Each structure stands twice: as structure tokens, then as C-alpha cells.
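Visitor: I would like the atomic coordinates for the input below:
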Amino acid sequence: GAAITKKLEEKPDDVHLQNQLTYLSRADIKTIHAFCLQVIREYYDRLDIDPAVKTADPAEIALLQKDVLGELFETLYEAEDEGFLRLLETYGENTGDQRLKDLILQIYTFSQGYPDPENLLRKMAEQFYMAEGDSIDQCAWMPLIGEGITNGVDYALYNLQKAYDRICGNGEFTAYGERLEAELEGIKALRQALDNPCYADWHQAYVAVDFARMPAYRGQDKDTAEWVKNLRNEAKAAIGKLGETYFCYGAETQTKLIFSLYPIAKALSETVIRFAEAFAQAKKEKLWLDFNDYEHFALQILTEPGSTKDNIIPTDAAKQMQQKYDEIMIDEYQDSNVVQEMLLTAVSGAYEGNNNRFMVGDVKQSIYRFRLAMPQIFMAKKDSYTPYNRLHPAVPAAITLDKNFRSRAGVCAYVNQVFSLFMTRRV
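Guide: Have a look, this model is predicted:
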């Protein structure tokens, strides 16, 4: 408003600026949770909640969660629930069950970023199921395991290749070069093995990687020698960490371990679901809402049962709200989660083929993972939208905001270089 007013002082007869100042007072500008609360207040008769509910303080919510979880654990202890006792064996500590309680709360919080947390938790547990006769290669987590290994291998390759390139052709470092060549060959063989989803081959290629002792360097260029050794140590550490994380056992033992995980995963998901149900009931009795309730109740009002992120079926309430908004502008889009994405899609014109959403974001600024931000939503649209063409405008389209008015070119170049190394797509 201040910027428009200032411009009007310079151009008092500008009709466009006059209109913009008028329209500004009618714009519905609010946070996502304020929007959700507005929806709940307008349509609370469609929910099974008391109109006298209030928003609980986060500290009150944390205390209530602790009490509810404590009561649930007492119930499970008394019942000597088999699945619960298995969880205690797996996640418990000599000093108590706090680690398991923390895990349940973490999983519960994570699940709230999705439209159907209960269904999500059960599906995730089922991903650990393997039929009799299956091996680790048939495990649903195999692609994720492969991705984790690939990240480590690529990092090791990057460092080792960088070290080798620095001394390649330098006669003073012939012994170093030969050692690095051998190690590069082993890591490249491991990287090639990862192209095929066969854990036994991965394990065999990993075992073949050999970081023998580096030969002594007796030349004068001590700085280069130290630099090369540091890079090699980084690569060696990355490969060593893969052994601790992914290659502790061979394929047969890993298969047995994954078989044993299914009942644990199932018990864990069911325990989280029981906690969620008890926690929801406790909040209802106290007439409390938290921010997750805002989003899920608004979603219940605005989308029909069976709606998904890729197939939103708006309710009558959502269609009424669609008439209210000519455009929906979303800032900090990189910090959206699935529930928020579905909410804003429901009240947009997407169902009628009207692309009236404008999203602005920067994945480098995604800092709210603890609030369930999912920057992959932003990246998916960025990747799928074609660049905007002023001569032949079509939507959906992506517009790159490549003008920086806050920093000098040198600062931007440096920041982009740093992020290009550390903030990879996989990360």
C-alpha cells in the first residue's frame, strides 16, 4: 500500500494506480493457517466440533501430547501387547522408553503433512512386507537404499577425481597418481554396479574397493600433497560410512533382517495411529484445536472423500470460495506441504481448467522442514512447467526471477556456486 501511495504522489492522475489502491483493501491477504481458520468458521456446521473451540498454545499441546502418550503406554504395558513389547525391544533403552515415545511423536508430526495420515502410516508399514522367497532386491525400499548408496559413491568419486586431476601428469606425484587410479577404478566399478538393482552385486563391488596406505611423499610441494590427502580422506570416509550404513551384511542376511522388520513397522504404525486417535479425542474434550487441525478440518470442508494431491474433487463449499477469488497468489511456495497444496488447489479454478494460481518461491530458502515443508512440491512444478513466452503466452508456465536488487553480482555468483555443490536435487 505504501509503495502504491508513493507512486500516486508522483503520478496523481494514473488511473491504474488508483484502481490498484482501491483493490488492495479488498484483497484477502493472510497466512495459510488464518485462511484455514476462516474456512472452519464459515463452515463449522459441516464438522463434528463444538463452535466454542479455541486454538491451544503450542506449550499446552506439547503437554497434552506427553500426557496422552503416557496414558497410552500404560495401557499397552498392562495389556502386555505383543507388538508394543517388540517395539520396546527394538527402540527401548536401559533407562526407559523415552526414545520410543520421541519416535512416535516424530512420526505422528510427519504424518500430519499428508491428507490421510492413518492410511499413509499403514501403507508405509506395508512397504516392509516381502513374500516368502523374496530377497532384498524385491524390497520396496530398494530404490531408496540405492539412492543413498549412490549419493555416497558420487561424493567419494567427486573428491577422488578432483585429487587425481590436481596431480595428473606431475612426475613428483607418480606414486600418488597410481594409488588414486586404482581407487578410482574400484569406486567407478561400484558406481556402475549400482545401475542394476542387485544388492549382492553391490556388496561384491563395495568389498572390492580398496583404500590401501598412501605411499610416502618426499618431494617439495607439501601443500599439494596435503591437499590431495585431505580430499582422499574425504572420499575414504564416505565409502567407510556406506559400509556402516548399507553394507554391514551380505544379501542373505540383509533379506532376513528386512523380513524381521515388517512386524516391527506394522506395530509402530498402529501405535502411532492409536496415539493420534487418543490425542484427537483429548483435544476434542478440551475444546482445543492446533495448527494441524486447522489444515485437516479445512481440507475436510473443501475436498470430497477420495481426493488426492493429483485429483482434487472440490466440495460445494470449495466451489463457493472459487467464485470469491479471481487469482490466488502464494508466497514462499517452497514451504508448502501436501495438505496446503490440496487446500489452495481446491479453491482455485484448477477443477474447471482455469489456471489462476501464481506461486513464488526459492528452494534455497526452504527452512521449515520442521513445520512439514515439502520443497519437492515446488521442484515438481518447476520441472514440469515450460518457460513463459511473452510472445506466445500459455499456462501453466515458469518465470525465472533472475534479477537481484539486494546483492552485487559477485555475492550472487559465490552463493550460487556454494549451493550448486551442497544443495543437490537428491539432498
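Visitor: Give the burial count for the nearest residue to residue 351 once chain neighbours are set aside, as a bare number.
Guide: Leaving aside its chain neighbours, residue 351 sits nearest to residue 314 (5.3 Å; criterion: Cβ to Cβ, 6 or more residues apart in numbering). Where you see a C-beta, it was placed from the backbone N, CA and C, and this is true even at glycine. Per other Cβ atoms under 10 Å, the neighbour tally for residue 314 reads 21.
Visitor: Beta-bridge partners for residue 314, please?
Guide: Bridge pairing for residue 314 (DSSP bridges) gives the partners residue 303.
Visitor: Quick one, grab the pLDDT at it.
Guide: Residue 314 carries a pLDDT value of 94.
Visitor: Pretty sure it sits against residue 302.
Guide: Yes. Contact criterion Cβ atoms under 8 Å: residue 314 and residue 302 qualify, at 6.5 Å.
Visitor: Give the residues shared as contacts by these two.
Guide: Common neighbours of residue 314 and residue 302 (criterion: Cβ atoms under 8 Å, 6 or more residues apart in numbering): 346-347.
Visitor: hang on, the earlier thing: please tell me how far the residue nearest to residue 351 sits from residue 177.
Guide: Residue 314 is 64 Å from residue 177, where distance means Cβ to Cβ, to the nearest Å.
Visitor: ok, now residue 145?
Guide: 33 Å.
Visitor: Check residue 25 too.
Guide: As for residue 25, its distance to residue 177 is 71 Å (criterion: Cβ to Cβ).
Visitor: any idea where the strands of this structure begin and end?
Guide: Ranges of strands in the chain, per DSSP state E, are 54-55, 288-289, 328-330, 357-359, 386-387, 397-398.
Visitor: remind me, longest helix of the chain?
Guide: Ranked by number of residues, the top helix in the chain under DSSP state H is helix 251-286.
Visitor: would you list every one of the helices in the stretch 1-150 of the chain?
Guide: Remark: helices assigned in the stretch 1-150 of the chain by DSSP state H, counting those that start in this stretch are 2-10, 15-24, 32-42, 58-79, 82-91, 98-111, 117-126, 142-167.
Visitor: For the fourth one, buried residues please.
Guide: Judged by neighbour count (16 or more other Cβ atoms under 10 Å), helix 58-79 contains these buried residues: 61, 64-65, 68-69, 72-73, 76.
Visitor: quick one, that helix and helix 251-286 angle?
Guide: With axes from the mean of the first three to the mean of the last three Cα atoms, to 10 degrees defining the directions, helix 58-79 sits at 120 degrees from helix 251-286.
Visitor: contact partners of helix 58-79?
Guide: Outside helix 58-79, the residues that touch it by Cβ under 8 Å, 6+ apart are 56, 84, 97, 101, 104-105, 271, 274-275, 278-279, 282-283, 286, 288, 290.
Visitor: Apply 7 Å and report the result again.
Guide: Contacts with helix 58-79, where a contact means Cβ atoms under 7 Å, 6 or more residues apart in numbering, come from 84, 97, 101, 104-105, 274-275, 278-279, 282, 290.
Visitor: ok, of the residues you listed, which one's closest to residue 15?
Guide: residue 290 (46.4 Å; Cβ to Cβ).
Visitor: The closest one touches residue 56, doesn't it?
Guide: Yes. Using Cβ atoms under 7 Å, residue 290 is in contact with residue 56, at 5.8 Å.
Visitor: Common neighbours of these two, please.
Guide: Common neighbours of residue 290 and residue 56 (criterion: Cβ under 7 Å, 6+ apart): none identified.
Visitor: Could you check how far the most centrally placed residue in the chain is from residue 282?
Guide: In the chain, the residue lying closest to the centroid (Cα atoms, centre = their mean) is residue 374, at 4.6 Å. Going from residue 374 to residue 282 by Cβ to Cβ gives 28 Å.
Visitor: Would you mind giving the strands of the chain as a markdown table with mean neighbour count and mean pLDDT added?
Guide: Converted to a markdown table, the strands of the chain look like this (neighbours: other Cβ atoms under 10 Å; pLDDT from 0 to 100):
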| stretch | mean neighbour count | mean pLDDT |
| --- | --- | --- |
| strand 54-55 | 12 | 94 |
| strand 288-289 | 18 | 96 |
| strand 328-330 | 16 | 92 |
| strand 357-359 | 18 | 91 |
| strand 386-387 | 9 | 90 |
| strand 397-398 | 12 | 90 |
